[in-house]
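Student: make a model of this:
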Amino acid sequence: MKKMPEYVVWQPQPRQVEFMSRPEYEVLYGGAAGGGKSDAIIAEALRQVDNPNYRAIIFRKTYPQCRELIIKSNRIYSAAYPDASYNGSEHYWKFPSGAKIYFGSMPNATSYLQYQGLSYSYIAFDELTHFTQEEYEYMISRNRADGAGLRVYIRATANPGGIGHGWVKQRFITASEPNVPYSVKSYVTDNNGQKIEVSRSRVFIPSSVFDNAALLENDPDYLANLAMLPEAQKKALLYGDWDSYEGQVFTEFRNNSDGYESHLFTHVINPFPIPRTWRRYRSFDFGYSRPFAVQWWAVDYDGRAYLYRQLYGCTENPNTGLRWQPREIAKKIREIEDEAEQGCSITGIADPAIWDQSRGRDGTIISMFEEEGVFFEKGRNDRLSGKMQCHYRFAFDDEGRPMAYIFNTCKPFLRTIPNLTYDEVNTEDVNTMCEDHDYDAMRYFFMANPIKPQRPAVMPGRNGFDPLDTDSQQ
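Tutor: Numbering: from 1, shown residues only. Modelled structure (predicted):
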């Protein structure tokens with residue numbers, strides 16, 4: 001018989017091969033634009049379609065955003081499996097074996113509940129940073145096999161930015177080096193009381209437009225498009241920089257504690273003993289199912305503020321509260337201050353919601369605190385004015401000094417503040433779906449100690465001279 005010519009429907013490029021060959025349970029692919037992310041998760045979904053029990057689902061945040069994925073799937077799936085059919089009303093492909101690949105969305109906060117009781121062997125998220133951690137982790141509970149011979153795993157793609165930037169960065173980017181897997185261990189107890197260790201592995205596979213030779217060949221000008229973006233977008237989309245992205249609120253916040261001399265052009269500094277004569281404050285944002293935030297600030301003779309201690313009520317999972325009762329929080333505050341403050345006078349400023357009569361069964365939250373000997377003044381909750389006070393405080397003066405410093409021991413603050421994004425509707429305000437509890441506590445303190453905007457300095461490394469680069473000053 002005459003050999004038929006081979007027809008290649010789709011062929012992965014080297015970085016896509018690396019992504020698709022990973023054995024880990026969770027793999028995040030991308031970090032920059034143009035790396036062939038969507039094609040990779042579309043093609044990966046085909047791996048088990050010859051098994052009749054196979055069910056897969058590929059998510060975008062809204063259904064209109066799924067359209068590009070569906071177009072890509074039509075190009076690949078219909079060519080690879082001519083007998084496969086697409087159900088436009090139910091948004092799934094059905095293959096000759098009976099296997100199905102669905103396209104899903106989660107447009108609002110409770111959309112993930114519509115997947116309760118369903119199961120999928122392969123789950124993929126395109127642009128994972130558009131989703132909350134709660135949505136992602138709920139779908140992990142839906143990730144299981146409905147028959148023999150099925151592999152169960154999760155894949156995702158992402159660019160920096162978006163509402164989920166913070167938790168995605170912590171889960172995949174800062175947890176380990178790129179291409180280096182790591183395992184998360186836990187323990188369960190079976191019906192016989194035996195403790196069993198379980199674990200899941202994760203890895204981040206970076207990609208960029210430079211890994212997509214086909215795109216650069218088909219559209220050489222795309223590289224120029226990325227290069228001409230505003231600086232933050234350029235860093236994120238061209239180079240995959242997770243510390244700079246579109247929609248970031250406090251673009252002026254800098255952690256250069258190891259890069260510049262003294263306290264210049266940085267907000268993060270090493271701890272030092274706070275003079276007893278400086279004014280001290282305690283700011284508080286209440287949380288139960290979400291984290292609570294307690295911050296201790298000192299103000300020097302020039303009005304400059306220093307965050308020198310914090311108590312952050314969060315589990316190991318970002319934006320998940322410890323569920324401490326108000327009295328428990330108050331007792332912990334007293335314990336810390338009795339030990340560390342040595343009788344120094346502290347002014348408390350708190351979330352005005354704790355004066356709400358409807359909160360708490362045995363009185364207002366503030367009354368519970370006062371009964372434990374912890375006192376607060378009611379904070380001002382003018383969100384936009386408070387946000388501007390943060391900008392004023394973070395701005396550098398002509399000498400390169402801001403009006404607010406953070407001790408490098410305040411890890412939750414340093415994790416959450418740089419990851420805050422703008423709200424898509426109230427575009428001048430912080431998105432309250434972010435982990436914004438340290439931000440709120442900071443706002444209350446700054447609003448109680450307002451300052452006027454100062455003349456901004458030329459920022460090093462941002463189209464201005466670098467104070468450590470002598471060549472730039474010639």
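Student: and Ala213, how many neighbours?
Tutor: Burial measure for Ala213: 13 neighbouring residues, criterion other C-beta atoms under 10 Å. Backbone N, C-alpha and C define where each C-beta goes, glycine included.
Student: next one: Tyr301
Tutor: Tyr301 has 9 neighbours, counted by other C-beta under 10 Å.
Student: next secondary structure after the top strand by length along the chain?
Tutor: In the chain, assigned by DSSP state E, the strand with the most residues is strand 195-207. Once the chain leaves strand 195-207, the next helix or strand it forms, by DSSP states H and E, is helix 213-218.
Student: packing partners of the helix or strand just after that following helix?
Tutor: Later in the chain than helix 213-218, the nearest helix or strand by DSSP H and E is helix 222-227. Helices and strands touching helix 222-227, by 3 or more C-beta pairs under 8 Å, 6 or more residues apart in numbering; DSSP states H and E, are helix 213-218, helix 231-239.
Student: which parts of the shortest one are buried?
Tutor: Same thing as helix 213-218. By neighbour count with 16 or more other C-beta atoms under 10 Å, helix 213-218 contains the buried residues Leu215.
Student: where does the stretch 301-450 of the chain dip in pLDDT?
Tutor: Scanning the stretch 301-450 of the chain for pLDDT under 70 picks out the ranges 358-362.
Student: actually, the stretch 101-250 of the chain.
Tutor: For the stretch 101-250 of the chain, no range has pLDDT under 70.
Student: just checking: what are the partner strands of the longest strand of the chain?
Tutor: Paired with strand 195-207 in the same sheet, following DSSP bridges, are strand 26-31 (parallel), strand 182-189 (antiparallel).
Student: what does the last one contact?
Tutor: Residues external to strand 182-189 that are found in contact with it (C-beta atoms under 8 Å, 6 or more residues apart in numbering): Ala175, Ser176, Lys195, Ile196, Glu197, Val198, Ser199, Arg200, Ser201, Arg202, Val203.
Student: let me know the closest of these to Ser141.
Tutor: For Ser141, the nearest member of the contacts of strand 182-189 is Arg200. The distance, counting by C-beta to C-beta, is 12.7 Å.
Student: so how many other residues sit close to that closest one?
Tutor: Residues lying near Arg200 (other C-beta under 10 Å) number 14.
Student: correct me, but it touches Glu137?
Tutor: No: with contacts counted by C-beta atoms under 8 Å, Arg200 stays clear of Glu137, the gap being 11.5 Å.
Student: about what we covered before: and the contacts of strand 182-189, which are buried?
Tutor: By neighbour count, with 16+ other C-beta under 10 Å, these hold Arg202, Val203 as buried.
Student: now the two most distant members of the contacts of strand 182-189.
Tutor: Greatest spatial distance among the contacts of strand 182-189 (C-beta to C-beta): Lys195 and Val203, at 27.2 Å.
Student: quick one: the longest strand of the chain to helix 231-239, angle?
Tutor: Following axes from the mean of the first three to the mean of the last three C-alpha atoms, to 10 degrees, one obtains 100 degrees for the angle between strand 195-207 and helix 231-239.
Student: neighbouring contacts of strand 195-207?
Tutor: Counting contacts by C-beta under 8 Å, 6+ apart, the residues outside strand 195-207 that touch it are 15-16, 18-19, 22-32, 35-37, 171-173, 175-176, 178-190, 240.
Student: tell me where the stretch 301-450 of the chain has helices.
Tutor: In the stretch 301-450 of the chain, helices defined by DSSP state H, counting those that start in this stretch lie at 326-340, 365-371, 383-394, 411-416, 437-448, listed in chain order.
Student: what is the burial count for Trp355?
Tutor: Close neighbours of Trp355, defined as other C-beta under 10 Å, add up to 14.
Student: now it: closest residue in space, sequence neighbours ignored.
Tutor: Ile366 (5.2 Å; C-beta to C-beta, 6 or more residues apart in numbering).
Student: for the nearest residue to Arg290 once chain neighbours are set aside, what are its contacts?
Tutor: Excluding the flanking residues, the one nearest Arg290 by C-beta to C-beta, 6+ apart is Gly321, at 4.8 Å. Shown in contact with Gly321 (C-beta under 8 Å, 6+ apart): Gly287, Tyr288, Ser289, Arg290, Pro291, Phe292, Gly313, Cys314, Thr315.
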